[in-house]
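Asks: coordinates for the following, if possible.
(one chain, ligands or ions: 1)
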Amino acid sequence: MLLENLRKEVLSAALQLIRYGLVTLTGGNVSGRDEQTGYIAITPSGMDYEKLNPADIVIIDGAGNTVDGKWKASVDTKDHLYIYRQRPDIQGIIHTHSPYACSFAMLHREIPCCSTTLANEVGGSVPVARYTPVAEAAIGPAVMEVLGDKNACLLANHGVIAVGHSVRHALVAAVMLEDGAKVYHLASLKGEPVQLPPEEIEKARNVFLYTYGQSS
Ligand SMILES: O=C(CO)[C@@H](O)[C@@H](O)COP(=O)(O)O
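Replies: Now for the predicted structure:
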């Protein structure tokens with residue numbers, strides 16, 4: 001099977017979105033880029049992740065042509081492709097409808113960085129991309145207006161886009177963004193959450209980028 005390992009990684013991440021409560025039914029999507037070929041493995045549109053096999057993950061080229069796969073790719077495929085073109089460091093993109101993060105997206109409200117988790121995994125506060133209609137390939141340009149070098153942003157009135165240097169890294173950003181949004185929400189019920197100073201955000205970010213875990 002073409003890019004079998006990448007297909008398995010994309011499907012595994014999609015199943016974990018359900019496990020972490022970041023999507024409902026067929027909401028959201030996952031893609032991963034193969035650096036050797038430039039091909040992208042992306043979840044098929046409108047299909048139940050729990051009924052998919054790796055072969056159901058669609059392989060497309062950088063122009064969006066199907067290279068291998070029997071299903072129609074995600075409605076957000078053009079948006080994934082746009083973001084990949086703008087950020088060559090990114091090899092994984094995940095779109096979710098995470099409840100706590102979406103509550104901020106419905107308010108068009110940035111999530112301030114009050115936790116080391118958001119500093120680590122997202123790179124600081126979580127910006128909001130302007131509202132765009134669904135399935136019009138407008139999400140990608142709106143995301144890149146606000147994302148910068150961060151690993152996630154909110155989509156006004158819609159959801160979340162999380163990115164990473166791998167599918168797994170994008171998943172971690174999506175999961176930890178929801179964690180940060182939930183903790184901010186809970187704290188705000190008790191008082192005014194205290195934002196981390198920029199220098200502390202940078203320190204926490206650098207630990208995650210350069211020394212955390214086993215990779216360094
Ligand atoms: O959020 C939306 C539509 O509002 C889509 O991203 C979501 O339903 C997933 O669509 P796909 O199954 O990827 O085509």
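Asks: residue 31 and residue 80 touch, don't they?
Replies: Yes: between residue 31 and residue 80 there is a contact under C-beta atoms under 8 Å: 4.6 Å. All C-beta spots, glycine's among them, are computed from the backbone N, C-alpha and C.
Asks: which neighbours do these two have in common?
Replies: The contact sets of residue 31 and residue 80 overlap at 40, 42, 74, 93 (C-beta atoms under 8 Å, 6 or more residues apart in numbering).
Asks: run through the bridge partners of the first one.
Replies: Spelled out, it's residue 40. residue 33, residue 60 (DSSP bridges).
Asks: neighbours around it, how many?
Replies: 26 (other C-beta atoms under 10 Å).
Asks: likewise for the second one?
Replies: Other residues near residue 42 come to 26 when the count uses other C-beta under 10 Å.
Asks: distance of it from residue 58?
Replies: Using C-beta to C-beta, to the nearest Å, residue 42 is found at 5 Å from residue 58.
Asks: hey, what's in contact with both of the two?
Replies: Contact criterion C-beta under 8 Å, 6+ apart; residues shared by residue 42 and residue 58: residue 73.
Asks: give the contact list for the most centrally placed residue in the chain.
Replies: The residue lying closest to the centre of the chain (C-alpha atoms, centre = their mean) is residue 162, at 1.9 Å. Applying C-beta under 8 Å, 6+ apart, we find residue 162 in contact with 93, 94, 95, 96, 151, 152, 170, 171, 173, 174, 177.
Asks: and the ligand, which of the residues you listed contact it?
Replies: When contact is defined as C-beta under 6 Å from any ligand atom, the contacts of residue 162 meet the ligand at residue 95.
Asks: looking at the chain, which helix is longest?
Replies: Secondary structure of the chain per DSSP state H: the longest helix is helix 167-188.
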